Each structure stands twice: as structure tokens, then as C-alpha cells.
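[1] predicted model and sequence follow; I will ask about them next.
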Amino acid sequence: MRAGNAIQYDNPNNDIPTINSLVVELEHYRRQSELLTTLNGLHARLAGAVDLPAMLEAFSVWLSPLINHELMAYQNPGRERTHMICSSHGPERRRIMQIAQDAFERLNACKDSCCWAKDEFYVHNWSLHNFQGSGIILVLKKDRAITQYQEQLLAKGLEIIAEPLQRAQEYEDLYQQASCDSLTGLANRRVFNERISTIIAQAKRHGHPVSLACLDLDKFKQINDTHGHAVGDMVLQRIADVMKSMIRDCDVLARTGGDEFVLILPDTNIKDATVLAERLCRAVDKLDLPAAGSARLGISIGLVEWQQEFSQDQWTQYADVALYQAKAAGRSRVCCWQPAA
């Protein structure tokens, strides 16, 4: 045998593989095993997602260590649904989401499927029109386009998420009924409980601030006692409409009890959350509402910014403590939780 040549068994019929071919085959199986492990991770994440935004968040979280990306979005023009998951915040977040919206408008106009550059971002899109749940998955990646291997990996992931997306769309109307408060149209406690854990996970991963508010109407019982429950329902609807008009699409506002609400504010520190909360107090105070007996109806708000050492239960408890302090301090005001000295 000559030095430097591949080792080969005595094989006149050439039906025994060479050592090189065995190494190649073993490497192939290793890569296949890694791919299956990676894709099983996506299956596991999707198992806990029940609605379209949660599925998109799960897909983005799964993809992040494999393909660093600034935004993932899904749009279904036929159902007038658009969901965006963005890891940036502030002006950069708004710019990225505007690029995505422009990309969707371009895709809806020309129906092309490609990759193109916008500023320093690469926009990649995949059409799901072959599935009954027609729509478009769009990914924004900064500075460098997706490689061929990454594109193949993403395609495998899309094959996995296509069926859950279809199933989510089929039951979306039923989920909407189950997840919305029938009186105000806000999210209910179930949605709040589902979303809060995901938002905490994103805050941990990206190091972004997120604040939580507990809100409670002041003197609402007197409204019901004086004017009846029909008027009380009207008051709740009007206040819910005002609050909805003042928050962002990414915020989670839920009605959790009769006159109790919670508000999660992603990418918002306690200072900015306080500014919004005080605006909400003023907006409710300016509403032309029936008198609550001898008092005027208002809203008290307790705020707390999430910290790394908080558990989910602690975070919600601290917001509730701050709300109690706001009530005790005279109502119709904002109070921020402070750790005990």
C-alpha cells in the first residue's frame, strides 16, 4: 500500500465500502441525528402554543440560536391577520417593523418569493400558499443573507409549523371567543396567563425591560348600586375602549375580574410605564360617565418592572401590592412597587 492513499480492503468485486466512504456515511448520520434533535426541539416548543402569535413566538425562539434574526412575521391577507415578533426595541424596533410591513405590501402586490436587501437588512420570505392556511412567513436578518444550509433548515421548520398554523387558523374564531372577554372585547385571564410566561422568557433572553400594571376602577360598585348593572357594563366598555386606544399592539391588556384589569408592557421600563399609567388615569377622569354616588369614578394603577430574580408569581404579587398602595393613598393615582428597605 502506498503512503497517502486511502485504506481499502481487498475487494475485487468492489462491494465493500472504503474507510473514506464509511467516514462520510457516519458523518452523514451524525448530521442527520443533529437535525432530528433540532427539529424535535421545535415540536416541543410548538406543543405549548395554542394561538398564532404564540406559535410564531415559539418558532422565532427555536430559530434564534440557529439563525440570528431581528424579526419574524406571519401574514394571511385573506383573514386579515398579521403577527410580528421583533427582538429589537425603541426606534430600531419601529424601523424594522415598518420594513416588514413594506415587504408584505410588496409581496401582496407582486406575489414574488425571494430575498432582497433593505438598508442593512436582508428580507427573506416563504409562501405557505401550498397549504390550506395560506400566508407568508417573513424573516429580517441583519448584515448577512441566510446561507443555503440555513435556508434548508428553515424550510424543514416550516414543514413542521405549517400544520399547527393551519390548525390554529381553523380554530381561531373559537379561540377568539374563548380568549376574549365578551363584554369589553379585551383579552381574558386565560390569555394573560398564557402570554406572561412567554414575555418573561423574551425579556430574559434579550435583556429588554418589561413592566406590569394592575388596574382597578375606583367607586365602580357605587355605579352599579346607583344606576344598575346595564349602566355599569356601559362604563366598563367605554373605559376598555379608551385603554385599548392608548396602548400598542404588542401590549397585553386583559380584564381579569369585574372592574379589574392587567396590562403587560414589553420593552417598557418603569419610567415610561408610569407616564402611560398617568395618561390612562387622566383619560378615565375626563370621561363623561355617570356619577358614582357622591364620588367620581376613577382608576388606580399599581406598577412594577420585571427583574431577573422575580418569579412570575412574585411579579404579579408586587403589582397587586402597588395597586393596594395606590388605593390607600387616595385612589385615582399611580403607585410603583418598591422593595422593602
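    Structure received.
[2] isn't there a strand covering residue 262?
    Yes: checked against DSSP: H, G, I helix; E, B strand; the rest coil, residue 262 lies within a strand.
[3] just name the shakiest helix or strand of this structure by mean pLDDT.
    Least confident helix or strand, the chain: helix 172-179 with a mean of 70, by mean pLDDT, DSSP states H and E.
[4] what about the helices in the stretch 151-300 of the chain?
    With DSSP state H, counting those that start in this stretch as the criterion, the stretch 151-300 of the chain has helices at 172-179, 189-206, 220-227, 229-246, 270-286.
[5] closest to residue 124 out of these?
    Within the helices of the stretch 151-300 of the chain, the stretch nearest residue 124 is helix 189-206; the backing value is 21.0 Å (Cβ to Cβ). Quick note: C-beta positions are derived from backbone N, CA and C, even for glycine.
[6] quick check: buried residues in that closest one?
    191, 192, 194, 195, 196, 198, 199, 200, 202, 203 (16 or more other Cβ atoms under 10 Å).
[7] tell me the pLDDT of the last one.
    Which is residue 203. As predicted, residue 203 sits at a pLDDT of 86.
[8] and it, what does it touch?
    If you count contacts by Cβ atoms under 8 Å, 6 or more residues apart in numbering, residue 203 has them with 209, 210, 266, 306.
[9] neighbours of the last one, how many?
    Think residue 306. Residue 306 has 26 neighbours, counted by other Cβ atoms under 10 Å.
[10] for the closest residue to it other than its chain neighbours, which residues make a bridge with it?
    Nearest residue to residue 306, sequence neighbours excluded (Cβ to Cβ, 6 or more residues apart in numbering): residue 210, at 4.9 Å. For residue 210, the beta-bridge partners under DSSP bridges are residue 266.
[11] tally up the residues packed near residue 210, please.
    Residue 210: 21 neighbours (other Cβ under 10 Å).
[12] hmm, it is touching residue 263, no?
    No: using Cβ atoms under 8 Å, residue 210 makes no contact with residue 263, being 11.1 Å away.
[13] so residue 103, which of the three states?
    Residue 103 is classified as helix under three-state DSSP.
[14] centre of the chain to the host helix or strand of residue 21, how far?
    Assigned by DSSP states H and E, residue 21 belongs to helix 19-47. In terms of Cα atoms, centre = their mean, to the nearest Å, the centre of helix 19-47 is set 29 Å apart from its chain centre.
[15] tell me the buried residues in it?
    For helix 19-47, using 16+ other Cβ under 10 Å, the buried residues are 38, 39, 42, 45, 46.
[16] tell me the mean pLDDT for stretch 273-281?
    Mean predicted lDDT for stretch 273-281 stands at 96.
[17] an error on my part: the question was meant for stretch 44-53.
    Average pLDDT, stretch 44-53: 81.
[18] contacts for it next, please.
    54-55, 57-59, 61-62, 74, 81, 83, 85, 160-161, 164-165, 168-169, 172, 175, 179, 194.
[19] filter those down to the buried ones, PyMOL style.
    Buried residues among these (16+ other Cβ under 10 Å), as a PyMOL selection:
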select buried, resi 54+55+57+58+59+61+62+74+83+85+161+164+165+168+169+172+175+179+194
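[20] and residue 211, what does it touch?
    264, 265, 268, 269, 270, 272, 273, 303, 304, 305, 306.
[21] if we can go back for a sec, for the helices of the stretch 151-300 of the chain, which one sits closest to residue 336?
    Between the helices of the stretch 151-300 of the chain, helix 270-286 lies closest to residue 336; by Cβ to Cβ that is 5.8 Å.
[22] packing partners for the closest one?
    strand 210-218, helix 229-246, strand 260-266, strand 298-305, strand 334-336 (3 or more Cβ pairs under 8 Å, 6 or more residues apart in numbering; DSSP states H and E).
[23] and that helix, how far out from the chain middle?
    The answer for helix 270-286 is 24 Å, by Cα atoms, centre = their mean.
[24] before we move on, what about stretch 303-323?
    Distance, stretch centre to chain centre, for stretch 303-323: 20 Å (Cα atoms, centre = their mean).
[25] got the contact list for that stretch?
    196-197, 200, 203-204, 209-216, 262, 269-270, 273-274, 277, 300-302, 334-337.
[26] buried sites along it?
    Those would be 303-306, 310, 315-316, 318-323, for stretch 303-323 by 16+ other Cβ under 10 Å.
[27] appreciated, that's everything.
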